[in-house]
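# Kindly return the folded structure for what I paste below:
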Amino acid sequence: MTTYKLNTHVHAVETDATGARTGREKVFGPDDDLNRPENEWALAAITNPDVWEGAKPPRREPPKATATDNNEVAQLKARIAELEREKAAGGDGAGGNGPVPPRRGSGSSAQAWREYATSVGVEVDPEASREDVIAALEKAGKPTE
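Predicted coordinates for the structure are as follows:
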């Protein structure tokens with residue numbers, strides 16, 4: 001087994017295939033044992049070839065993004081675009097066509113709440129009371145405040 005040793009101090013940051021940090025980072029120096037299992041991630045994270053004393057670890061490529069990762073990114077981008085279109089069209093940008101009605105006072109009628117429920121995709125009885133509509137919205141996980 002080859003032993004890898006640093007000739008200076010370095011700040012190692014673990015990243016994924018996209019270059020995003022994955023959580024681990026640490027400063028290593030000449031006295032640190034990078035051959036220990038808990039430090040092996042740093043061998044790939046330290047990319048400067050001039051910091052090694054003697055043998056340099058082989059350059060490891062970060063894992064490639066998977067089709068699943070790409071699909072999730074595409075879905076998120078599509079959802080962001082949808083929310084931006086809603087907001088540009090006068091909606092609230094939270095999946096509805098307007099702000100949450102007030103609970104009391106002007107604009108707090110059962111009809112206003114029924115219209116809001118419809119705008120966020122919650123079906124309610126056309127005769128439902130304001131309290132029943134609010135309960136249905138909360139059950140569906142929609143904003144009510």
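# show me where the protein has helices.
For the chain, the helices defined by DSSP state H cover 40-45, 67-88, 110-119, 130-139.
# can you give me the mean pLDDT across the shortest one?
Read that as helix 40-45. Mean per-residue pLDDT for helix 40-45: 85.
# CA atoms of that helix as CSV?
Extracted C-alpha coordinates of helix 40-45, given in CSV (Å, rounded to 0.1, in the frame of the first residue of the first chain):
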residue,chain,number,x,y,z
GLU,A,40,-9.6,8.6,2.4
TRP,A,41,-12.1,11.1,0.9
ALA,A,42,-9.4,13.8,1.2
LEU,A,43,-7.2,12.0,-1.3
ALA,A,44,-9.7,12.7,-4.0
ALA,A,45,-10.6,16.2,-2.7
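# for it, which positions count as buried?
Residues of helix 40-45 classed as buried: 41-45 (neighbour count, 16 or more other CB atoms under 10 Å). For glycine as for every other residue, the C-beta is placed from the backbone atoms N, C-alpha and C.
# so what strands line up beside the lengthiest strand in the chain?
In the chain, taking DSSP state E as the definition, the longest strand is strand 21-28. Paired strands of strand 21-28, with direction, are strand 10-15 (antiparallel) (DSSP bridges).
# and the strand it pairs with, what's its mean pLDDT?
Mean predicted confidence for strand 10-15 is 89.
# What lies in contact with that strand?
For strand 10-15, the external contacting residues (CB atoms under 8 Å, 6 or more residues apart in numbering) are 21-29, 41-42, 44-46, 48, 51, 62.
# what's the least confident stretch among the helices of the chain?
For those, the weakest mean pLDDT is recorded on helix 67-88, namely a mean of 75.
# Now do Asp32: how many residues are near it, please.
17 (other CB atoms under 10 Å).
# list the contacts for it?
Here Asp32 is in contact with 6, 39 (CB under 8 Å, 6+ apart).
# per-residue pLDDT, it?
Looking at Asp32, its pLDDT is 91.
# What of the one 5 residues further on?
We note a pLDDT of 86 for Pro37 in this prediction.
# try Pro62
56.
# go on, Arg59?
pLDDT, Arg59: 69.
# same question, Gly54
84.
# which of the residues in stretch 100-114 are buried?
Applying a neighbour-count criterion of 16+ other CB under 10 Å, one finds 100-101, 110, 112-114 buried in stretch 100-114.
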